[in-house]
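[1] just to be clear, the model below is a prediction. Sequence and coordinates:
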Amino acid sequence: MLHTRQPSSPSRIRFRLLADRAAKLVFGAAALFGIVIMGILLARITSEGLSWLSLDFLTGRFSTSPEKAGIMGAVLGTFWLLAVVVPVTMIVGIGSAVYLELYSKNGKIRTFIQTNIANLAGVPSIVYGILGLTVFVRVLGFGSVVLAGGLTLSLLILPIVIVAAQEALRSVPSQLGDASYALGGSKWQTIQSVILPVALPSIMTGAILALSRAIGETAPLVVLGIPALLIPFPGGILDRFTVLPMQIYYWTLDAALVADYAHLAAAASIVLLISLFLLNGSAIYLRNKYSMKA
Amino acid sequence: MTSPFQANSSSSSNIRDLIRHNQDQKSFRKTMEVWIPRFLFLLASLSVFTTVGILLILLTETVEFFKAVPILDFFTGTVLKPLSQTPAYGILPLVMGTLVSSGIAILVAGPIGLMAAIYLSEYASRRVRSILKPALELLAGVPTIVYGFFAFTFVTPLLRQWIPGLEATNILSPGLVMGVMIIPMIASLSEDAMRSVPAAMREGSAALGATKLETALKVVVPAALSGIIASFVLGISRALGETMIVAIASGSSKNFTFDITESMQTMTAYIVEVTSGDAAAGSTVYYSLYAVAMTLFATTLIMNLLAGKIARKFREVY
């Protein structure tokens, strides 16, 4: 390098190397930026809410007085919601994926459905809320109950589940299916007892990620008119209900009126975040484990 | 249990039963083979019904709304006062709120997301990547309501220390937080685009003496540009449809302004406001909900289609 005749060469090279090193730092900082903000967010929520997090808070009923308020109703509401969302999305999601990947010929219908699913995945969640409000709450007359909320959220996350299940099915080695056919297995037998079991772990990964999206979703439920506070515990899918995000929403809005509501919102956020991180973390762990094997 | 070998072969009727049983099973299986695909097709077409449902509902109710409010007034009106004695239904304040908040968000998330993507794809070691990627995914998993709480109770008070004129509810703070929210999306999609650039191109650049930075900026980013732009468009579309952060932190003033320190309302936040109140079904306010939702739906749909088109059309083929 030093033997070249160009006069500015050594300093120019030094500059270029310096720029490279500086860029690495800046880009690295950018990659860390989101994570740092998340750290601040977590620290903020913990400092606001941790001291309010107690067994009484977890098992308590709805109450307007901050000291007595609890989130048991919202937790139960989430479980009832999942009782609708899980079966609906699993059956429809896996069924659609099996049809698209294994039955439909590469024809116009398949392309049409596929494009349609891709577009649905980009529809804002609040539009699903309006769909749910009009169809489930008003036209079918369910009211703001678990069933209406569950079906709305199911429609919302179905595109994610279908696409994840399709990818899972596509990654099953074709030899496995061929072996089954060679042994005289019919198409459905092959799908049912060979392809689906192999694809199941990665289908589950996608499904868990989608479910955690449904658990954290607020906007469609606000549109459906899901209340917060002061309603009895839900006992079935036809009961009125609320969920943690709705409680956080109302507590945050009313923090201007009752200052302690901010602490309650923070405490509820801790519970929500821990549950979601556990869910997401297990899904990501599952995926990494299986993708390394493959 | 009833295999032919266990059956008493002396009784021929027994065998006949078994054969019949076997045939029944076979024909049952054959019926299944025919009906299961049909059933699965029905499940798969549910997504089409969802789209049709959304379109049908939005269109019919929007038409109903335009019977009460002239379509031109709606799209050019700068005043939105649905609950006043002399109501005015101009969507432009909401359009402005939506554009401003999404604009702030993409100004934050675009550069940071792109730089993070360059780091992940060009600089980071395998080990660092294996930590950073899942961490970014966790960030993407934070519910928007928690971001809303964060914007309202932390970011806004913090900003007010530096910006004296900032209102308690303003469009700046949710815009910034929305930016943080879409960083993982832009970083991850852009990184995918960059990683699909063949290694040979990087090696060629390195062989000519280029540093990693020069290779990244002059070879990898241009080659992956279609994917990067698509990720930006998708990020904006996501910001346009984001609801809870703005609903909480930006208040409900329907200001038609460029002043980011003021409270502004987005299309999504308007929908939340109208549905949380008790607008009687059939009232003009109620129908305005659908007209706004239709506008939002059409905008995001166009953006998403555009992103897909950009990603496909301008992809460099190697």
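    Looks like it arrived, so ask away.

[2] so how far is residue B:141 from whichever residue of the stretch 201-318 of chain B sits closest to chain A?
    For the stretch 201-318 of chain B, the residue closest to chain A is residue B:241, as judged by Cβ to the nearest Cβ, at 2.6 Å. C-beta: built from backbone N, CA, C; applies to glycine. Distance check for residue B:241 against residue B:141: by Cβ to Cβ, to the nearest Å, it reads 18 Å.

[3] looking at those two, which one has more neighbours?
    Using other Cβ atoms under 10 Å in any protein chain shown, the more surrounded residue of residue B:241 and residue B:141 is residue B:241, with 24 against 20.

[4] how many neighbouring residues does the residue lying closest to that one once chain neighbours are set aside have?
    Spatial nearest neighbour of residue B:241, chain neighbours left out: residue A:124 (2.6 Å); criterion: Cβ to Cβ, 6 or more residues apart in numbering or on different chains. Residues near residue A:124, counting by other Cβ under 10 Å, number 26.

[5] do the same with the one 3 residues further on
    The number of residues packed near residue A:127 is 26, by other Cβ under 10 Å.

[6] show me where the stretch 51-200 of chain B has strands.
    B:80-81, B:88-89 (DSSP state E, counting those that start in this stretch).

[7] so which elements touch the helix or strand of chain B with the lowest mean pLDDT?
    Least confident helix or strand of chain B, by mean pLDDT, DSSP states H and E, is strand B:80-81 with a mean of 84. For strand B:80-81, the packing partners by 3 or more Cβ pairs under 8 Å, 6 or more residues apart in numbering or on different chains; DSSP states H and E come out as strand B:88-89, helix B:92-118.

[8] tell me which residues touch residue 153, please.
    Picking chain A for this. Residue A:153 is in contact with A:81, A:85, A:128, A:214, A:217, A:220-221, counting by Cβ atoms under 8 Å, 6 or more residues apart in numbering or on different chains.

[9] switch to chain B, that's the one I care about
    Residue B:153 sits next to A:44, A:48, A:252, A:255, A:262, A:265-266 when contact means Cβ under 8 Å, 6+ apart.

[10] let's see it at 10 Å
    Contact analysis of residue B:153 by Cβ atoms under 10 Å, 6 or more residues apart in numbering or on different chains lists A:44-45, A:48, A:252, A:255, A:262, A:265-266, B:248-249.

[11] for chain B, what's its nearest residue on the stretch 1-150 of chain A.
    residue A:124 (2.6 Å).

[12] now the phi/psi pair for residue B:281, please.
    Backbone torsions for residue B:281, taken as degrees, to the nearest 10, come to phi -60, psi 130.

[13] which single helix of chain A contains the most residues?
    helix A:9-49 (DSSP state H).

[14] check which helices and strands that helix sits against.
    Counting contacts by 3 or more Cβ pairs under 10 Å, 6 or more residues apart in numbering or on different chains; DSSP states H and E, helix A:9-49 packs against helix A:261-293, helix B:92-118, helix B:126-140, helix B:144-150, helix B:172-195, helix B:212-215.

[15] what does the helix or strand of chain A at the bottom of the mean pLDDT ranking contact?
    In chain A, the helix or strand scored least confidently by mean pLDDT, DSSP H and E is helix A:55-59, which has a mean of 82. Outside helix A:55-59, the residues within contact range by Cβ under 10 Å, 6+ apart are A:49, A:67-72, A:75, A:263-264, A:267-268, A:270-271.

[16] perfect, that will be all.
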